[in-house]
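Visitor: Sequence unavailable; structure follows:
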Ligand SMILES: CCCCC/C=C/C(=O)SCCNC(=O)CCNC(=O)[C@H](O)C(C)(C)COP(=O)(O)OP(=O)(O)OC[C@H]1O[C@@H](n2cnc3c(N)ncnc32)[C@H](O)[C@@H]1OP(=O)(O)O
């Protein structure tokens, strides 16, 4: 794997980049955060450090400066409070790893990237629980959307609602070319409403008209349609998703970090500030909305429908 990525990096970085590789330093000339790598052996043997918790497997390749985070919450990677909390903790850790410049988010479960927010966290619970849950959802989005790392979603399965939001919060999305997989913000199908910051994230990605259409109808797009509308940036054969993510990552990492990060902040900060200004109000809104009898009933019926589909 390391060798393959090095050859991709060599191709991508061209002349000056090859010099950097030969000298053992993959960083762009303006960035010196990574440690010097030994030049005598070419590219050093990959050193990996993994930390894994319930529902998340994180693998950090220090030499490449790339972390891979696999959601691992079978059967469908629903975003439970526990997964959200661990996600945020691990993101903070990675953000503080000086040499970690890129993050690939993917799924350890075949066929499902993430089924979105864990619906069981949103019904039959106390207001305090809903508030805690929603705060965790906000926190994850804030951290991901403003990450200093290059974040690439390697979407190797279906990705409805909250799963789609995680992908949209990244910088680039690659989806497996399987017509059985779908992606989109389908909240209206559950009788609930995507909050304004889910909507803003979609609008920033595919524009206002396409978002209005997608959100009102709760559209779940096939990979081909998701590419057409711009929800994903690339659709590739299923077995090429991870390699493509590494390839794309090398391109993004060839840009000086500070310039890329400042540009990202310039583009995204107004959207993030909108939530930050009214974070508490947004939590209150969520709690009062989700606690309504009619909404509780809708969620209950939706879960029932999911279970009955199998029978
Ligand atoms: C103001 C409010 C705003 C809130 C914003 C909300 C955002 C969200 O993310 S809401 C969640 C939206 N998610 C969905 O609509 C997806 C629902 N799930 C599916 O469509 C499918 O499960 C699938 C395509 C993701 C996978 O299909 P399949 O492989 O056939 O697996 P099953 O449907 O049999 O599911 C297995 C198992 O998992 C349970 N489950 C599925 N999704 C969720 C979920 N989001 N939360 C909790 N549990 C989920 C499903 O009920 C099955 O359970 P068992 O029957 O007990 O095995």
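Guide: Done, it's in. These numbers were taken from a predicted model, which means no experiment stands behind them.
Visitor: is it true that residue 181 lies in a strand?
Guide: No: read with DSSP: H, G, I helix; E, B strand; the rest coil, residue 181 is coil and lies in no strand.
Visitor: Model confidence at it, what's the number?
Guide: On pLDDT, residue 181 comes in at 98.
Visitor: So which residues on this protein come close to the ligand?
Guide: Within the chain, the residues that sit near the ligand (CB under 6 Å from any ligand atom) are 75-76, 78, 112, 115-120, 158, 160-162, 186-187, 190, 192-195, 286, 289-290, 303, 306-307, 310. In short, each C-beta sits where N, CA and C put it, glycine included.
Visitor: Please convert the buried members of the residues you listed into PyMOL selection syntax.
Guide: To isolate the buried ones among the residues of the chain next to the ligand in PyMOL, judged by 16 or more other CB atoms under 10 Å, type:
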select buried, resi 76+78+112+115+116+117+118+119+158+160+161+162+186+187+190+192+194+195+286+290
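Visitor: any chance you could map the strands in the protein?
Guide: In chain order, the chain shows strands spanning 48-53, 55-61, 66-72, 102-107, 111-112, 150-155, 157-160, 172-176, 183-184, 234-236, with DSSP state E as the criterion.
Visitor: And the residue of the stretch 1-150 of the chain that's closest to the ligand?
Guide: Nearest to the ligand in the stretch 1-150 of the chain, going by CB to the nearest ligand atom, is residue 116, at a distance of 2.6 Å.
Visitor: Which residue ranges make up the domains of this protein?
Guide: 1-46, 48-310 (automatic domain parsing).
Visitor: Now do the shortest one, average pLDDT.
Guide: So that's domain 1-46. Mean predicted confidence for domain 1-46 is 36.
Visitor: re earlier: please identify the deepest-packed of the domains of the chain.
Guide: domain 48-310 (a mean of 18; mean count of other CB atoms under 10 Å).
Visitor: show me what contacts residue 72?
Guide: Neighbouring residues of residue 72 by CB atoms under 8 Å, 6 or more residues apart in numbering: 52, 55, 56, 57, 107, 108, 109.
Visitor: I meant to write residue 154 there.
Guide: Per CB under 8 Å, 6+ apart, neighbours of residue 154: 104, 105, 106, 174, 241, 242, 244, 245.
Visitor: still on that earlier bit, let's have the strands of the chain in JSON lines, adding distance to residue 87.
Guide: Below are those laid out as JSON lines (distance: least, CB to CB, whole Å):
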{"stretch": "strand 48-53", "distance to residue 87": "9"}
{"stretch": "strand 55-61", "distance to residue 87": "6"}
{"stretch": "strand 66-72", "distance to residue 87": "8"}
{"stretch": "strand 102-107", "distance to residue 87": "9"}
{"stretch": "strand 111-112", "distance to residue 87": "16"}
{"stretch": "strand 150-155", "distance to residue 87": "12"}
{"stretch": "strand 157-160", "distance to residue 87": "15"}
{"stretch": "strand 172-176", "distance to residue 87": "18"}
{"stretch": "strand 183-184", "distance to residue 87": "19"}
{"stretch": "strand 234-236", "distance to residue 87": "24"}
